[in-house]
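>>> give me a model of this one.
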Amino acid sequence: YNGYMKILFLLFVCFLISPTAIACNPASDLSRITVAGGSIAEILYFLNMDEHIVAVDVTTNYPPEAKSLPSIGYVRNLSAEGILSLSPTVIIGEDDMGPKEVITQIKATGVEVLLVEEEHSANGIIDKINCVADIVGKRSFAEQIIAKQLMPKIQHLEDISAQGSNEKPKILFILGMQSGSPIVAGRGVSADGFINMLGGLNTMDSFEGWKPANSEAIIKAAPDVILISNRGLSGFGGLSDLKQHPALKFTPAIKNDRVYAMDGMEMLGFGPRTLSAAAVLADKIARAK
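You can find the predicted model right below:
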């Protein structure tokens, strides 16, 4: 019996400090919010909760004033000591926040850690905003600004997608370069979801994740459109250099001048700005047909 009770106790403790718990419950104390994930910071500013933020991670680049806050490092490679030195009352993070052992250490000190689930879709963005709004007690406010600012963009994307449903453009998303080869998006990554939001087809959906692609694979995929982050474009040197890359210069996208560069977090962060970025790019792609 004693052994059985010990097992139950250990399971209970593991539940309390579980680093993978996803929750949209109200936080106990919002006086000192630490943020792990650029999209969460963006949403908190969207909800006018920025005055409670005491630190952010390095993926937070919007709005610009957020970059002046203390940094806790990279969302997936955090340090318990660095975070705890800021005396946070709650940490709100993206669902890939880590490493897990660091989250466990932080929770063991009694600091509340809340992870927000992410789905790479337009509805997923709305769900994420609503979840953060529930955490900070601003659900009613969130619903108002979602209806006013974001739902029209979602409707616009749906309208564009419906208009081109018979001939969806094949889209290649390039993250950057690795040893001379473009790193491209396969299935299951944020760029794949972004391409779907645009009403396009991921031309590299034969594999999962991010991978370097050789010239033969890209030429065979024949993308109609190439998307790339501004940072990724700088890895090529510039737009003219990208257009001369042997893996890309023979693609329909290059021949028809359908290459679009934008801030990476704006496209792939899946915060409010991602809907705006998708609407802008969907318009450009539709007009270029």
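>>> for stretch 276-289, give the mean pLDDT please.
Per-residue pLDDT over stretch 276-289 has a mean of 93.
>>> convert it to PDB, retaining C-alpha atoms only.
Output of stretch 276-289 as PDB, limited to C-alpha atoms (Å, rounded to 0.1, in the frame of the first residue of the first chain):
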ATOM      1  CA  SER A 276      -1.800  40.500 -43.200                       C
ATOM      2  CA  ALA A 277       1.300  39.000 -45.000                       C
ATOM      3  CA  ALA A 278      -0.800  36.200 -46.500                       C
ATOM      4  CA  ALA A 279      -3.400  38.700 -47.800                       C
ATOM      5  CA  VAL A 280      -0.700  40.900 -49.400                       C
ATOM      6  CA  LEU A 281       1.100  37.900 -51.000                       C
ATOM      7  CA  ALA A 282      -2.100  36.200 -52.100                       C
ATOM      8  CA  ASP A 283      -3.100  39.500 -54.000                       C
ATOM      9  CA  LYS A 284       0.300  39.700 -55.600                       C
ATOM     10  CA  ILE A 285       0.200  36.100 -56.700                       C
ATOM     11  CA  ALA A 286      -3.300  36.400 -58.100                       C
ATOM     12  CA  ARG A 287      -2.500  39.500 -60.100                       C
ATOM     13  CA  ALA A 288       0.700  37.900 -61.500                       C
ATOM     14  CA  LYS A 289      -1.300  35.000 -63.100                       C
END
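>>> who touches that stretch?
122, 153, 156-157, 160-161, 163-164, 167, 169, 194, 197-200, 225, 227, 256, 258, 260, 262-263, 266-267 (Cβ atoms under 8 Å, 6 or more residues apart in numbering). Glycine gets a C-beta too; all of them are placed from N, C-alpha and C.
>>> now, those that are in helices?
Among the contacts of stretch 276-289, the residues falling in helices (DSSP state H) are 122, 153, 156-157, 160-161, 163, 194, 197, 266-267.
>>> now neighbour count too, for the residues you listed, in JSON lines please.
Converted to JSON lines, the ones in helices among the contacts of stretch 276-289 look like this (neighbours: other Cβ atoms under 10 Å):
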{"residue": "122", "neighbour count": "22"}
{"residue": "153", "neighbour count": "20"}
{"residue": "156", "neighbour count": "15"}
{"residue": "157", "neighbour count": "20"}
{"residue": "160", "neighbour count": "18"}
{"residue": "161", "neighbour count": "17"}
{"residue": "163", "neighbour count": "11"}
{"residue": "194", "neighbour count": "25"}
{"residue": "197", "neighbour count": "26"}
{"residue": "266", "neighbour count": "20"}
{"residue": "267", "neighbour count": "26"}
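>>> taking those, tell me the two that lie furthest apart.
Using Cβ to Cβ, those span at most 24.1 Å, a distance reached by 163 and 266.
>>> where does the chain have low pLDDT?
Residues of the chain that meet the criterion pLDDT under 70 lie in 1-22, 164-165.
>>> tell me where it has strands.
All strands of the chain, identified by DSSP state E, fall at 33-36, 53-55, 73-74, 77-78, 90-94, 112-116, 170-178, 181-185, 201-202, 210-212, 225-229, 259-262.
>>> packed most tightly, which of those would that be?
Mean neighbour count (mean count of other Cβ atoms under 10 Å) peaks for strand 33-36 among those, with a mean of 29.
>>> wait, residue 137 touches residue 26, no?
Yes. Using Cβ atoms under 8 Å, residue 137 is in contact with residue 26, at 5.6 Å.
>>> and residue 136, what is it in contact with?
So residue 136 contacts 26-27, 30, 33, 44, 47, 49, 52 (Cβ under 8 Å, 6+ apart).
>>> alright, that wraps it up for me.
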